[in-house]
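Engineer: Only the shape, not the letters, is given here:
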Ligand SMILES: Nc1nc2c([nH]c(=O)n2[C@H]2C[C@H](O)[C@@H](COP(=O)(O)OP(=O)(O)OP(=O)(O)O)O2)c(=O)[nH]1
């Protein structure tokens, strides 16, 4: 049976302490008692962001002053085929005066979800657990000891997502290095993904794998890890990552880098256009430093990834 496509706008209200708001649907709605992000259907003639501002005013009594488009996902329910436009709502006026939910709760991204959760929202909650900054190792160039010291500094400064990318190290050294990165990062509650080496990731029990673009395009199924991401450089690669239901993508190169001098770059305009409307978070990569975070997020990025810019800054 084909169902009419219904556009829905939903807001992730983010507090400065990182918590976000969930509401429990009232008794007279479909999926009564389920938890959701506040929002509702897009009315004819409205854009999704206009719909969200109206819904948050009507339902919660707040006026949105700053929002960013984030993820877009479709889901086929028994009652409807919904296209969900998620926004990050970063600033608003007025205090919450909820008129529709049975309960509201500010939840920590790392904490367990509220149950029951609307079925379409699982990947959204997972995306909110993805740290905003990824450090990509380069022990091959820096030396193993210098890289591990830089990792410790970055972990102290709050880094919680590391990609081990060391094709240049000999096999034994690579295994030792990857184990060491995993132990140090886990100690701080962080995640480690291994570039292009599913066997190594399995052997050391890493959190996941990171697929280079050529490997991504050769796959028709997602590898079995909790976290799987990929490097992308154009829309076709991003869409393939979405079709495989990957957890994130890196899109590069955004700015010029010392490691790839003279290569054409996307700039923030192309970054925004390419990453728009995808179901998974996209991190910006290429010549970025921690200071670029706000610019990246304003351009639709979930966050930033980096090599030298991250290790030099201590993240
Ligand atoms: N608001 C919201 N809706 C969601 C989320 N996830 C999800 O699958 N949905 C679905 C459930 C519903 O099928 C649809 C939203 O419809 P709704 O009934 O809440 O919309 P509305 O507030 O405009 O209600 P109404 O005018 O029809 O009474 O989107 C979410 O996180 N927030």
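Structural biologist: Received the coordinates, thanks. Everything quoted here is computed from the prediction, not taken from an experiment. Residues are numbered from 1 along each chain as shown.

Engineer: isn't residue 12 right next to residue 39, touching?
Structural biologist: No. Residue 12 lies out of contact with residue 39 (C-beta atoms under 8 Å); the separation is 9.6 Å. From N, CA and C alone the C-beta is placed, and that goes for glycine too.

Engineer: Mind naming the longest helix for the protein?
Structural biologist: helix 171-187 (DSSP state H).

Engineer: Show me what counts as buried in that helix.
Structural biologist: Buried residues in helix 171-187, counting neighbours by 16 or more other C-beta atoms under 10 Å, are found at 174, 177-182, 184-185.

Engineer: which residues does the residue of the stretch 1-150 of the chain found nearest the ligand contact?
Structural biologist: Across the stretch 1-150 of the chain, the shortest distance to the ligand (C-beta to the nearest ligand atom) belongs to residue 40, at 2.7 Å. By C-beta atoms under 8 Å, 6 or more residues apart in numbering, the residues touching residue 40 are 8-9, 51, 55, 59.

Engineer: so how far does stretch 278-290 reach from one end to the other?
Structural biologist: Chord length of stretch 278-290, first to last residue, is 24 Å (C-alpha to C-alpha, to the nearest Å).

Engineer: Average pLDDT for that stretch, rounded please.
Structural biologist: For stretch 278-290, the mean per-residue pLDDT is 97.

Engineer: quick one: is that stretch near the ligand?
Structural biologist: No. Stretch 278-290 lies apart from the ligand when judged by C-beta under 6 Å from any ligand atom; the minimum separation is 12.6 Å.

Engineer: Let's see the pLDDT reported for residue 1.
Structural biologist: pLDDT, residue 1: 63.

Engineer: in this protein, which spans are helices?
Structural biologist: Using DSSP H, helices in the chain cover 48-60, 122-129, 139-142, 144-156, 171-187, 198-204, 213-218, 235-243, 267-275, 293-298, 308-313.

Engineer: Adding mean pLDDT and distance to the ligand, write the ones you listed out as JSON lines.
Structural biologist: Shown next, in JSON lines, are the helices of the chain (pLDDT from 0 to 100; distance: least, C-beta to the nearest ligand atom, whole Å):
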{"stretch": "helix 48-60", "mean pLDDT": "98", "distance to the ligand": "6"}
{"stretch": "helix 122-129", "mean pLDDT": "95", "distance to the ligand": "7"}
{"stretch": "helix 139-142", "mean pLDDT": "95", "distance to the ligand": "41"}
{"stretch": "helix 144-156", "mean pLDDT": "97", "distance to the ligand": "33"}
{"stretch": "helix 171-187", "mean pLDDT": "98", "distance to the ligand": "31"}
{"stretch": "helix 198-204", "mean pLDDT": "98", "distance to the ligand": "32"}
{"stretch": "helix 213-218", "mean pLDDT": "98", "distance to the ligand": "28"}
{"stretch": "helix 235-243", "mean pLDDT": "98", "distance to the ligand": "18"}
{"stretch": "helix 267-275", "mean pLDDT": "98", "distance to the ligand": "21"}
{"stretch": "helix 293-298", "mean pLDDT": "96", "distance to the ligand": "20"}
{"stretch": "helix 308-313", "mean pLDDT": "89", "distance to the ligand": "32"}
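
Engineer: among those, which is nearest residue 2?
Structural biologist: The closest of the helices of the chain to residue 2 is helix 235-243. By C-beta to C-beta, the value is 20.7 Å.

Engineer: In terms of secondary structure, what does that closest one contact?
Structural biologist: Secondary-structure packing of helix 235-243 (3 or more C-beta pairs under 8 Å, 6 or more residues apart in numbering; DSSP states H and E): helix 213-218, strand 227-232, strand 248-251, helix 267-275.

Engineer: ok, residues contacting that helix?
Structural biologist: Against helix 235-243 from outside (C-beta under 8 Å, 6+ apart): 213, 216-217, 229-232, 249, 251, 274-275, 278-280, 282.

Engineer: Tell me how far it lies from the chain's centre.
Structural biologist: Between the centre of helix 235-243 and the centre of its chain there are 15 Å (C-alpha atoms, centre = their mean, to the nearest Å).

Engineer: list the buried ones in that helix?
Structural biologist: For helix 235-243, the buried set under the neighbour-count rule, 16+ other C-beta under 10 Å, comprises 237-238, 240-242.
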